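What shape does this take:
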Amino acid sequence: MPTLIASDEAGARNPPRATSSKWSAILAMVSFALLVGSYIAAPHAGHLTLWVISDLVVAAWAICGLVTSTLAPPLGWLISCGAVVAALAAGAAQLAQAHDHGAHGAAQVVAIVAALLAMAVAVHVLLSLPRGVLTTRARQSMMVTWYAGALIAAGLLASSTRVFASWPIDLAWAVVIASSLPSVYARYVSAPAAGRQRMQCFAIGLSLAIIVALVTLCLHWLVAWPTSLAPTMLAASALVPLGLIAGALPVASRADRMLVHVLTVLGLTVVVVGAYLIALRGFGKAPNNT
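Residues are numbered from 1 along each chain as shown. Down below sits the predicted model:
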């Protein structure tokens, strides 16, 4: 089994870290139980491929929380809590589709509330990198605002009988990530060496996910493949927790060099995708074999 890198704090065997690892393990088992339970309760839900990919992504976050808790206990515990909420959202949404056929019901309400809380936890993780601690009052106040906003939005959506489209949620995730990146960079500058390596691995995973998303969007717009964007986008998002998991392995010592290459590929991808889309708008049609 590969040896984990050094933690941010001295004393690898102190009781708080051991306790956090135990709680993360318990929360990971809760996440897996929710995911398995949703399949038992709704074995014939539609869009099976989408649900399988969604559950695998949640499982990746649960494992990420368990691994991270050995090095940065607060961050690992926070990620594990987010995985539980995400598992609850995914399971409830699957039940809503199978039994309520997507109509407004108890399962749909639970899915909406859990999804918005998972979004708030994601912001909490981003603002507290690399250790999982909000070090300033400004960040703490910002998180209170995010959680309050998530609960208010959840209450409004849950009380409505309308069925909403999925694109506002996708847009909200993009806003969450974009609005948190400046704060993440500010923490990176003052982070210790192990924390910087963890954040570099996170940046690698996020950059790779963005590359896959851009290429997928470009292919979908140009040649209508893949026909459904959701499975590929969800699968690409698993690269983010995998990046954080890599931050706990010896390979993290080379994360700075790998990040340079990944960012180069990301920049090239943006240029190429942008050029194709501009050409598509200019010519008014997608390219063909001729």
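
so Ala25 touches Gly65, yeah?
No - contact criterion C-beta atoms under 8 Å: Ala25 and Gly65 do not qualify, at 9.3 Å. The C-beta positions use only the backbone N, C-alpha and C, and glycine is treated the same way.

Of the two, which one has the most company?
Comparing Ala25 with Gly65 by neighbour count (other C-beta atoms under 10 Å), the higher total belongs to Gly65, at 30 against 15.

any idea which helix or strand carries the more buried one?
Taking DSSP states H and E as the definition, one finds Gly65 inside helix 48-68.

what is the rounded mean pLDDT of that helix?
What helix 48-68 shows for mean pLDDT is 93.

hey, C-alpha coordinates of that helix in CSV?
The C-alpha trace of helix 48-68 is given here as CSV (Å, rounded to 0.1, in the frame of the first residue of the first chain):
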residue,chain,number,x,y,z
LEU,A,48,-29.7,3.7,-15.2
THR,A,49,-26.3,4.7,-16.7
LEU,A,50,-26.7,8.2,-15.4
TRP,A,51,-27.5,7.0,-11.9
VAL,A,52,-24.6,4.5,-11.9
ILE,A,53,-22.2,7.3,-12.8
SER,A,54,-23.7,9.7,-10.3
ASP,A,55,-23.3,7.1,-7.5
LEU,A,56,-19.7,6.3,-8.5
VAL,A,57,-18.9,10.0,-8.3
VAL,A,58,-20.4,10.3,-4.8
ALA,A,59,-18.5,7.1,-3.8
ALA,A,60,-15.3,8.8,-5.1
TRP,A,61,-16.0,11.8,-2.8
ALA,A,62,-16.7,9.4,0.2
ILE,A,63,-13.3,7.7,-0.4
CYS,A,64,-11.7,11.1,-0.8
GLY,A,65,-13.0,12.2,2.6
LEU,A,66,-11.7,9.0,4.2
VAL,A,67,-8.2,9.4,2.7
THR,A,68,-8.0,13.1,3.3
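
list the buried ones in it?
Neighbour-count burial for helix 48-68 flags 50-51, 53-55, 57-68 (criterion: 16 or more other C-beta atoms under 10 Å).

Who are the packing partners of the helix or strand that that helix is followed by?
Following helix 48-68 in sequence order, the next helix or strand is helix 73-99 (DSSP H and E). Counting contacts by 3 or more C-beta pairs under 8 Å, 6 or more residues apart in numbering; DSSP states H and E, helix 73-99 packs against helix 15-41, helix 48-68, helix 106-128.

Can you check which of those gets nearest to Ile245?
Comparison of the helices and strands packed on helix 73-99 against Ile245 by C-beta to C-beta identifies helix 48-68 as nearest, at 5.2 Å.

got the angle between that closest one and helix 73-99?
160 degrees (axes from the mean of the first three to the mean of the last three C-alpha atoms, to 10 degrees).

tell me what helix 48-68 is packed against?
The contact analysis (3+ C-beta pairs under 8 Å, 6+ apart) places helix 48-68 against helix 15-41, helix 73-99, helix 230-237, helix 239-246.

who touches it?
When contacts are defined by C-beta atoms under 8 Å, 6 or more residues apart in numbering, helix 48-68 is touched by residues 4, 21, 24-25, 27-28, 31-32, 35, 38, 45, 75-84, 86-87, 90, 94, 198, 228, 230-231, 234-235, 237-238, 241-242, 244-245, 247-248.

go with 7 Å
The contact list for helix 48-68 (C-beta atoms under 7 Å, 6 or more residues apart in numbering) reads 24-25, 27-28, 31-32, 35, 45, 75-76, 79-80, 82-83, 86-87, 90, 94, 230-231, 234-235, 237-238, 241-242, 244-245, 248.

cool, and stretch 227-247?
Stretch 227-247 has contacts (C-beta under 7 Å, 6+ apart) with 49-50, 53-54, 56-57, 60-61, 63-64, 67-68, 197-198, 201-202, 204-206, 208-209, 212-213, 216, 220, 226, 252.
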